[in-house]
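Chemist: below: sequence and its predicted model.
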Amino acid sequence: MAKKTYDLLFKLLLIGDSGVGKTCVLFRFSDDAFNTTFISTIGIDFKIKTVELQGKKIKLQIWDTAGQERFHTITTSYYRGAMGIMLVYDITNAKSFENISKWLRNIDEHANEDVERMLLGNKCDMEDKRVVPKAKGEQIAREHGIRFFETSAKANINIEKAFLTLAEDILRKAGRASAAAEQQQQQPSFTHTNAHTPTHTHSLSLTANSNRLALLTCLMSFLSH
Ligand SMILES: Nc1nc2c(ncn2[C@@H]2O[C@H](COP(=O)(O)OP(=O)(O)OP(=O)(O)O)[C@@H](O)[C@H]2O)c(=O)[nH]1
Ligand SMILES: [Mg+2]
């Protein structure tokens, strides 16, 4: 049997208006390259990159969605399996920033509740054309309790940092969940014994199983695409 070359599989998703640079951000991360020609993504595409974090080999399967409205139905069908989502706007395009609230609503509607989100203000190499101040990006990120980076796919600013930080946040969350699950398994039943105790214990172990289920769902979705 072929040897598995990674310890964990994380599925990430890039969303945001057409032209903000999602494909370029991903291309910079996966191939360390940049293209000035704008070839708008049709539907959805993905790239794989394996990184090492905390001694674990993590395979990142990164889905790059089309920003054009006509692909809305197909792209939103990919939200569910994502463990991390990068919302991208263009610092030289005010509309793309205003639309971040729309993209956040799409996440609420279509993604898993515990998905890790991150906001990216891309094209920060174009300071002379900037229309969205950095403070505005920071503010909306703070309001939603998510991380924020200004990036440039062209000048290679903060691209690797953004992906690795998102992967680290997912890893930390998964670690916390499995530690909590282990603790619950080791703990004896509740000190008081009333009729509801077994139900309660059962619902706690369900939480532990649902983390495994999330990983399994992610893997199944990978195999089915
Ligand atoms: N100056 C500059 N241009 C960029 C940067 N990132 C992307 N671009 C340019 O912006 C245009 C759009 O980039 P894409 O990555 O194709 O945009 P997208 O978000 O994938 O667009 P859709 O696939 O239509 O959703 C291209 O001409 C890129 O060269 C950047 O960091 N700096
Ligand atoms: Mg694209």
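Modeler: That came in fine, so what should we check first? What you are looking at is a predicted structure, and each value in this text was computed from that prediction instead of being measured. Numbers count the residues shown, from 1 in each chain. Ligands and ions are numbered 1, 2, ... in the order given.
Chemist: tell me the contacts of Ile15?
Modeler: Ile15 sits next to Lys22, Thr65, Gly67, Thr75, Ile85, Met86, Leu87, Val88, Trp103, Asn106, Ile107 when contact means CB atoms under 8 Å, 6 or more residues apart in numbering. Every residue, glycine included, has its C-beta placed from N, CA and C.
Chemist: same thing but 10 Å
Modeler: With CB atoms under 10 Å, 6 or more residues apart in numbering as the criterion, the residues that contact Ile15 are 22, 63-67, 75-76, 78-79, 82, 85-88, 100, 103-104, 106-107, 111, 117.
Chemist: for it, name its beta-bridge partners.
Modeler: Here Ile15 sits in beta bridges with Leu87, going by DSSP bridges.
Chemist: residue boundaries of the strands in this protein?
Modeler: Counting by DSSP state E, the chain has strands at residues 8-15, 44-53, 56-65, 84-90, 116-122, 147-150.
Chemist: columns distance to Lys161 and mean pLDDT on top of those, output as TSV?
Modeler: Listed next are those as TSV, based on distance: least, CB to CB, whole Å; pLDDT from 0 to 100:
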stretch	distance to Lys161	mean pLDDT
strand 8-15	14	98
strand 44-53	12	98
strand 56-65	14	98
strand 84-90	12	98
strand 116-122	11	99
strand 147-150	7	98
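Chemist: turn the ones you listed into JSON lines, columns for distance to Thr165.
Modeler: As requested, these are exported to JSON lines (distance: least, CB to CB, whole Å):
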{"stretch": "strand 8-15", "distance to Thr165": "12"}
{"stretch": "strand 44-53", "distance to Thr165": "10"}
{"stretch": "strand 56-65", "distance to Thr165": "12"}
{"stretch": "strand 84-90", "distance to Thr165": "10"}
{"stretch": "strand 116-122", "distance to Thr165": "7"}
{"stretch": "strand 147-150", "distance to Thr165": "6"}
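Chemist: out of the ones you listed, which gets nearest to ligand 2?
Modeler: Using CB to the ion as the criterion, the shortest distance between ligand 2 and the strands of the chain is 5.8 Å, found for strand 56-65.
Chemist: so where's this protein shaky on pLDDT?
Modeler: Along the chain, the model assigns pLDDT under 70 to residues 1-2, 187-225.
Chemist: got the residues of it near ligand 2?
Modeler: Counting by CB under 5 Å from the ion, the chain comes close to ligand 2 at Lys22, Thr23, Thr41.
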